[in-house]
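Asks: using only what follows, build the 3D model:
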Amino acid sequence: MNIYVLLKRTFDTEEKITLAGGKINEDGAEFIINPYDEYAVEEAIQVRDAQGGEVTVVSVGNEEAEKQLRTALAMGADKAVLINTEDDIENGDQFTTSKILAEYLKDKDADLILAGNVAIDGGSGQVGPRVAEILDIPYITTITKLEINGQNVSVTRDVEGDSEVIETSLPLLVTAQQGLNEPRYPSLPGIMKAKKKPLEELELDDLDLDEDDVEAKTKTVEIFLPPKKEAGKVLSGEIPAQVSELVQLLRSEAKVI
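Replies: Numbers count the residues shown, from 1 in each chain. You can find the predicted model right below:
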């Protein structure tokens, strides 16, 4: 089975975000595989081990993403591809990433493509479905279970706290939700093997794309941090008095009633 995983490099979930010159400051920051993409990598490895085939992880970004691709290789992926856009694209968006990934995948005869449900930095959840639309293949989002029998696929997906089961067939793109599996930690032997596994680096020219083909469809007007939370108030006294004071505060300070 020919399996591909779409992987993104994101800030560590424990990282404190700061701004410099109106942009997010990445100096000295720690980066990781987007946590939802880790579920996708793990599921791809499990499917390969059960069905046979090969797992390729693909990322769009700069050369710094090589570290996260090597981590995926250490987890057990077979090959990695970095599409380096550092010299070509200054401001991309979900359309940009999707177009590049789809152009790379269009002639790869992928049986199964996995991605994270969302990226923890942007949170739009657009890239996976956009890639599937461009490739003209079915897609199912927020999956929590995946069963493959030949060309037939049964998928359980999360729907706002409930679940539904969908029957479909390969080729297919799915996006991984928390609960799909428990991603493994790279082992020492896995880390050593990852150093020898192939990691291919491509640029837009290699995909017969230019900057106009992947020009962003959206524009970031401003980036700002949320306002600091003010100290809360603790109401005291009898319950009727607290209710009266709460209503007054909601009206005069919070201005929600």
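
Asks: which stretches in this protein count as strands?
Replies: Along the chain, counting by DSSP state E, strands occupy 2-6, 9-11, 19-20, 23-24, 31-33, 54-61, 79-84, 112-116, 139-149, 152-159, 162-169, 172-176, 199-202.

Asks: now tell me what touches stretch 34-42 from outside.
Replies: With CB atoms under 8 Å, 6 or more residues apart in numbering as the test, stretch 34-42 has contacts from 5-10, 13, 33, 55, 57, 72, 75, 77, 114-121, 175-178, 180-184. Heads up, the C-betas are built off the backbone N, CA and C, glycines and all.

Asks: burial count for Glu222?
Replies: 5 (other CB atoms under 10 Å).

Asks: so it sits right up against Gly22, yeah?
Replies: Yes: Glu222 is within contact range of Gly22, at 7.4 Å (criterion: CB atoms under 8 Å).

Asks: longest helix in the chain, by residue count?
Replies: Of all segments of type helix in the chain, defined using DSSP state H, the longest is helix 35-51.

Asks: tell me what angle that one forms with strand 139-149.
Replies: 20 degrees (axes from the mean of the first three to the mean of the last three CA atoms, to 10 degrees).

Asks: helix 35-51: which residues count as buried?
Replies: Neighbour counts over helix 35-51 (16 or more other CB atoms under 10 Å) mark 35-48 as buried.

Asks: now stretch 158-176 - C-alpha only, CSV.
Replies: Extracted in CSV, the C-alpha atoms of stretch 158-176 (Å, rounded to 0.1, in the frame of the first residue of the first chain):
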residue,chain,number,x,y,z
ASP,A,158,-15.9,12.1,15.8
VAL,A,159,-18.9,14.4,15.4
GLU,A,160,-19.0,16.9,18.3
GLY,A,161,-18.9,14.3,21.0
ASP,A,162,-20.7,11.6,19.2
SER,A,163,-19.5,9.3,16.4
GLU,A,164,-20.6,8.0,13.0
VAL,A,165,-19.4,5.2,10.8
ILE,A,166,-18.7,5.7,7.1
GLU,A,167,-18.1,3.0,4.5
THR,A,168,-15.9,4.0,1.6
SER,A,169,-13.1,2.8,-0.6
LEU,A,170,-9.5,3.6,-1.5
PRO,A,171,-7.9,5.9,-2.6
LEU,A,172,-8.9,8.0,0.4
LEU,A,173,-7.7,11.0,2.5
VAL,A,174,-8.4,11.1,6.2
THR,A,175,-7.6,13.5,9.0
ALA,A,176,-6.7,12.2,12.4
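
Asks: what's in contact with it?
Replies: Under CB under 8 Å, 6+ apart, the answer for stretch 158-176 is 36-37, 39-40, 43, 110-117, 125, 128-129, 131-132, 135, 137-144, 146, 148, 151-157, 177, 179.

Asks: give the rounded mean pLDDT of that stretch.
Replies: In this model, stretch 158-176 has a mean pLDDT of 95.

Asks: distance between it and the chain's centre?
Replies: 17 Å (CA atoms, centre = their mean, to the nearest Å).

Asks: report the buried members of the contacts of stretch 34-42.
Replies: The buried subset of the contacts of stretch 34-42 (16+ other CB under 10 Å) comprises 5-10, 33, 55, 57, 72, 75, 77, 114-120, 175-177, 180-181, 183.

Asks: Pro227 and Asn84: what is the separation?
Replies: According to CB to CB, to the nearest Å, Pro227 stands 37 Å off from Asn84.

Asks: which of these two has more neighbours?
Replies: Just comparing Pro227 and Asn84: by other CB under 10 Å the higher neighbour count belongs to Asn84, 20 against 6.
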